[in-house]
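Novice: okay, predicted coordinates and the sequence, questions at the end:
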Amino acid sequence: MDVIPTHISTKRIKALLIFFCATLFLLSCGQEAKVSDISVHYEGNKGLSVHFKGFESPDYQIVTKENDTVPILGELNTEDTAIIFTPVIPFNNGGHYQILKEREVVGEFHIKESVPSIPPKVVAIYPKLDTVPENLLKMYIVFSKPMQEVRSSLEYIKVINLHTQKEEAIFLPLETELWNADHTELTLWLDPGRIKKDLIPNKKLGIPIKNGNSYEVILSKEWNDAEGSELAKEYRKKIVVVARDAKMPSVKQWKLTVPNADSKEALGIAFDELMDAMLIEKSIVIMDAQDQSVAGGFLTMGSPNSTLFIPKERWKKGTYTMVVQSSMEDLAGNNLNRLFDTDLQQEKKTKDSKTKTITFTIQ
């Protein structure tokens, strides 16, 4: 029997081990080269960036599956354990993409198809009436969908004085804009410093809108919602300015149209002047004889000088109390306690109250 020299056997074993280790190393390198946890970051219907886990390397490239020879222009960054590629132009909806490293495909991803988005609309602009007092304090814009928070809203609002045909800045620019929680309702203030007489802005710039003039408020079609869709169209509202409102509203002058018992008829409320329609539902509560609030809602029929309270349940016979927050305002910001343009240093003859009440009976 032939005997293999010991030194030859040892060499062969060492060679096999080296070959085996090299193979494992190459295989492991191939596996590690593949990226993982691929996810696309969307804003609305647009794919803005792709995130994945791999090695910190400038060698990654993103290409389309149809044309894998031309890399997409963009910026590659790292954040914690993720690598982020942001293209110069958002990814194409419905597109298939590959992630390359040293010209080898190490990952793939797909951009979802675009779902047609319903463009946002302006549901209402308050005050709804065209005629407003010279000392109008606020306007409101109500949208059908949440609107974007990227730029100042005043960039999309233009006001033209129809008497001079010049653009005028009547709204107060705010660092933090007054949106509701859903971002569907925007409150615009006409500059209070210009409305209040004897203040420096009033003396320097004058009142924002002037008695006898007409203005057109124009909302740009380029105003985007949170999904990036533009307004359905350009919106315009004309306002005709009349004399200053120097009257404080009074619940004693309000008139009620009382419904019948055992009915769901509306309770009619006629104010003594034009009120801030957006404050009505927040300011009035109907209480029954047991001091429980009556469930229901308010319907303001385009005019801020009246409203309807529609109950959820049938009215019962008895005495009811309408509780009104004294902070409720008219169009000029005059509330149930004081005029907006009031010298707060002067002593008042009457005491302020948190609420005012009206009692009525249903037969």
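Specialist: Yes, it's here. Residues are numbered from 1 along each chain as shown.

Novice: which stretches in the stretch 101-250 of the chain count as strands?
Specialist: Using DSSP state E, counting those that start in this stretch, the strands of the stretch 101-250 of the chain run over residues 104-110, 122-126, 131-133, 138-143, 157-161, 166-167, 178-179, 185-189, 214-219, 235-242.

Novice: pipe those strands into TSV and attach mean pLDDT, distance to residue 151 and mean neighbour count per row.
Specialist: C-betas here are computed from N, CA, C, even on glycine. Below are those laid out as TSV (pLDDT from 0 to 100; distance: least, Cβ to Cβ, whole Å; neighbours: other Cβ atoms under 10 Å):
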stretch	mean pLDDT	distance to residue 151	mean neighbour count
strand 104-110	94	31	16
strand 122-126	95	17	17
strand 131-133	96	27	19
strand 138-143	97	15	20
strand 157-161	97	11	18
strand 166-167	96	18	10
strand 178-179	96	13	14
strand 185-189	97	13	17
strand 214-219	98	14	17
strand 235-242	97	18	16
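
Novice: the ones you listed: which one's closest to residue 284?
Specialist: strand 122-126 (16.8 Å; Cβ to Cβ).

Novice: just the residues contacting that closest one, thanks.
Specialist: Residues outside strand 122-126 that contact it (Cβ atoms under 8 Å, 6 or more residues apart in numbering) are 139-144, 217, 219, 231, 235, 237, 276-278, 304.

Novice: change it to 10 Å
Specialist: If you take Cβ atoms under 10 Å, 6 or more residues apart in numbering as the criterion, strand 122-126 is touched by 138-145, 184-185, 187-188, 217, 219, 223, 231-237, 239, 276-278, 300, 302, 304, 331.

Novice: over to stretch 92-105?
Specialist: Outside stretch 92-105, the residues that reach it (Cβ under 10 Å, 6+ apart) are 30, 33-35, 38, 40, 45-47, 50, 52, 54-55, 57, 59-66, 68-69, 71-72, 83, 85, 87, 91, 106-115.

Novice: recalculate using a threshold of 6 Å.
Specialist: Surrounding stretch 92-105, the residues in contact under the criterion Cβ atoms under 6 Å, 6 or more residues apart in numbering are 33, 35, 59-65, 68, 106-111, 113-114.

Novice: compute the first-to-last residue distance for that stretch.
Specialist: Terminal residues of stretch 92-105 lie 20 Å apart, using Cα to Cα, to the nearest Å.

Novice: buried ones in that stretch?
Specialist: The neighbour-count check on stretch 92-105 (16 or more other Cβ atoms under 10 Å) flags 95, 97, 98, 99, 100, 101 as buried.

Novice: tell me which element the second one falls in.
Specialist: Counting by DSSP states H and E, the element that carries residue 97 is strand 96-101.

Novice: what does the average pLDDT come to for that strand?
Specialist: Averaging pLDDT along strand 96-101 yields 94.

Novice: now residue 146: how far from residue 293?
Specialist: Separation of residue 146 from residue 293 (Cβ to Cβ, to the nearest Å): 30 Å.

Novice: list the contacts of the nearest residue to residue 135 once chain neighbours are set aside.
Specialist: Leaving out its chain neighbours, the residue that sits closest to residue 135 by Cβ to Cβ, 6 or more residues apart in numbering is residue 332, at 4.4 Å. Counting by Cβ under 6 Å, 6+ apart, residue 332 touches 133, 135, 137, 245, 340.

Novice: top of the residues you listed by neighbour count?
Specialist: residue 135 (28 neighbours; other Cβ atoms under 10 Å).

Novice: that one: what's it in contact with?
Specialist: The contact partners of residue 135, by Cβ under 6 Å, 6+ apart, come to 195, 244, 245, 332.

Novice: grab the nearest non-local neighbour of the first one.
Specialist: To tie it back to what came earlier, the one meant is residue 195. Counting by Cβ to Cβ, 6+ apart, residue 195 lies nearest to residue 135, which is 5.1 Å off, once chain neighbours are set aside.

Novice: again, but for residue 166
Specialist: Distances taken as Cβ to Cβ, 6+ apart put residue 160 closest to residue 166, at 7.2 Å, once the chain neighbours are dropped.

Novice: quick one, helices of the stretch 1-150 of the chain?
Specialist: Counting by DSSP state H, counting those that start in this stretch, the stretch 1-150 of the chain has helices at residues 6-33.

Novice: how about low-confidence regions in it?
Specialist: Residues of the stretch 1-150 of the chain that meet the criterion pLDDT under 70 lie in 1-33, 56-58.

Novice: related to what we said a few turns ago, possible to save the buried residues of stretch 92-105 as JSON lines with distance to residue 269?
Specialist: Shown next, in JSON lines, are the buried residues of stretch 92-105 (distance: Cβ to Cβ, whole Å):
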{"residue": "95", "distance to residue 269": "58"}
{"residue": "97", "distance to residue 269": "61"}
{"residue": "98", "distance to residue 269": "66"}
{"residue": "99", "distance to residue 269": "65"}
{"residue": "100", "distance to residue 269": "70"}
{"residue": "101", "distance to residue 269": "71"}
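
Novice: between those residues, which is closest to residue 258?
Specialist: In terms of Cβ to Cβ, no member of the buried residues of stretch 92-105 lies closer to residue 258 than residue 95, at 64.8 Å.
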